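1. Build me a structure from this.
(one chain, ligands or ions: 1)
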Amino acid sequence: MSEIVIPLHGATRKGQEFDYELSDAFLSDFGRDVLEGLDCKVHLFVVQKGDWLEVQCAIKGNAKVQCDRCLEDLLLPVDVEETLTVRFDAAPEDVVNDDDNVIILREGTSEMDLGQTLYDLVCVSLPMCKVHPEGECNPEALARLSKEEEMAKEPVNTPFSGLKDLLKQKEN
Ligand SMILES: [Zn+2]
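-> Next up, the predicted model:
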């Protein structure tokens, strides 16, 4: 369970508000493959709508990722507003649900962990191409990378490279 767990029984038609902070500690549940750091405020507004709930999510702050070009830290703004629908079913595992904004829980569920949902919302909101604005990449890192690239292109002469060629000829 993440730290973002909201009670469901207390939801009213007037709505109930929850505030959370998503920090680096929050990421420890999800690994740091996409996000290296996170500093966001989350505001949730949960409204009872008959037999289902509406959860309005607002996530604001910034996320630290790795720049695709210079591999240095890059801070990206996060500004997400999404409305989720929470439905209840006796057999939620049998319900076909391909809408990311619809969450189906077992009837009688008293609380909901929104950690994964909020994490996904942040990740999806970020641009596909994560790079510093033109000219703002770390020049030293770029120089180092292009040097490494150059080195990788040079043919490697080891005592075994000749042997490999020999084996290849044999195979053919
Ligand atoms: Zn960069």
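
2. Pull up the pairing partners for the longest strand seen in the chain, direction included.
-> Longest strand of the chain, by residue count under DSSP state E: strand 73-89. When pairing is defined by DSSP bridges, strand 73-89 lines up against strand 52-66 (antiparallel), strand 102-106 (parallel).

3. Tell me which of those strands sits nearest to Leu126.
-> strand 52-66 (6.5 Å; C-beta to C-beta). Any C-beta I mention is one placed from the backbone N, CA and C, and that applies to glycine too.

4. Now the closest one: buried residues?
-> 53, 55, 57, 59, 61, 63-66 (16 or more other C-beta atoms under 10 Å).

5. ok, the closest residue in space to Glu107 that isn't next to it in sequence - contacts?
-> Leaving aside its sequence neighbours, Glu107 sits nearest to Phe88 (C-beta to C-beta, 6 or more residues apart in numbering; 4.7 Å). Taking C-beta atoms under 8 Å, 6 or more residues apart in numbering, we find Phe88 in contact with 51-52, 104-109.

6. Pull out the buried members of those residues.
-> 104-105.

7. Do a quick rundown of the helices in the protein.
-> 24-27, 115-125, 139-153, 159-171 (DSSP state H).

8. How about the residue nearest to Glu107: which residues does it bridge to?
-> Leu105.
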